[in-house]
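Asks: Below are the sequence and a predicted model; questions follow.
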Amino acid sequence: MAGVPRLFHAMSDSDSWCTPADLAADLGWFAVDPCSNARSHIQAGVTYQLERNEDGLAADWGTNSVFVNPPYSAPLAWARKLSTHPGPWVALVKLDTTTKWWRTLMETPGALWSPFRGRLKFEAPGKHLTANFASALVWKDWTPSAAMRTRLWAPIVGQP
């Protein structure tokens, strides 16, 4: 598979799950979606897709707003890049407070987060699957819409 980014080789089946369409609508528009695919519902000006031999992790995001639904099999590199990203960002992640990647996001100055009120129903190729784990939204320099706030537990958690 010459020319395919190295991250493609280690993908698990759940890495192809998409953000649900209704959730994508509530998230709004982003300048960059570096973890996109042909089935994505995320509204973004620029998308990167492994299927097009594009490595969104290696791409320069500039200071643009970024949405990341990282590959859950390997989120640490994405968390590291988000933690240093100078623009607004949002990450849809598995709620797993025991991991190095979670700690990386939580130690990002200005980062806020909230768990979702219920389990998300992701879109996999040809089917919809309810996650067998809790999910959270983590963000910096971004404000959730009113519709998004109804999906999240309050209060929003962040650095003092």
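Replies: All right, it came through fine.

Asks: wait, doesn't residue 38 sit right on residue 49?
Replies: Yes. Counting by Cβ atoms under 8 Å, residue 38 does reach residue 49; the two are 6.8 Å apart. (C-beta placed from N, C-alpha, C; glycine too.)

Asks: Mind checking which of these two has more residues around it?
Replies: Set residue 38 next to residue 49 and count neighbours by other Cβ atoms under 10 Å: residue 49 wins out with 16 against 9.

Asks: measure the more buried one to residue 130 for me?
Replies: Separation of residue 49 from residue 130 (Cβ to Cβ, to the nearest Å): 25 Å.

Asks: Chain neighbours aside, what residue packs nearest to the residue nearest to the spatial centre of the chain?
Replies: Compute the mean C-alpha point of the chain, and by Cα atoms, centre = their mean the closest residue is residue 69, 2.3 Å away. Nearest residue to residue 69 in three dimensions, chain neighbours excluded: residue 92, at 4.4 Å (Cβ to Cβ, 6 or more residues apart in numbering).

Asks: Give me the neighbour count for that neighbour.
Replies: 24.

Asks: wait, it sits on residue 137?
Replies: Yes. With contact defined as Cβ under 8 Å, residue 92 and residue 137 form a contacting pair (6.0 Å).

Asks: And the helices in this structure?
Replies: Under the criterion DSSP state H, helices of the chain are mapped to 6-9, 21-27, 76-84, 100-106, 146-149.
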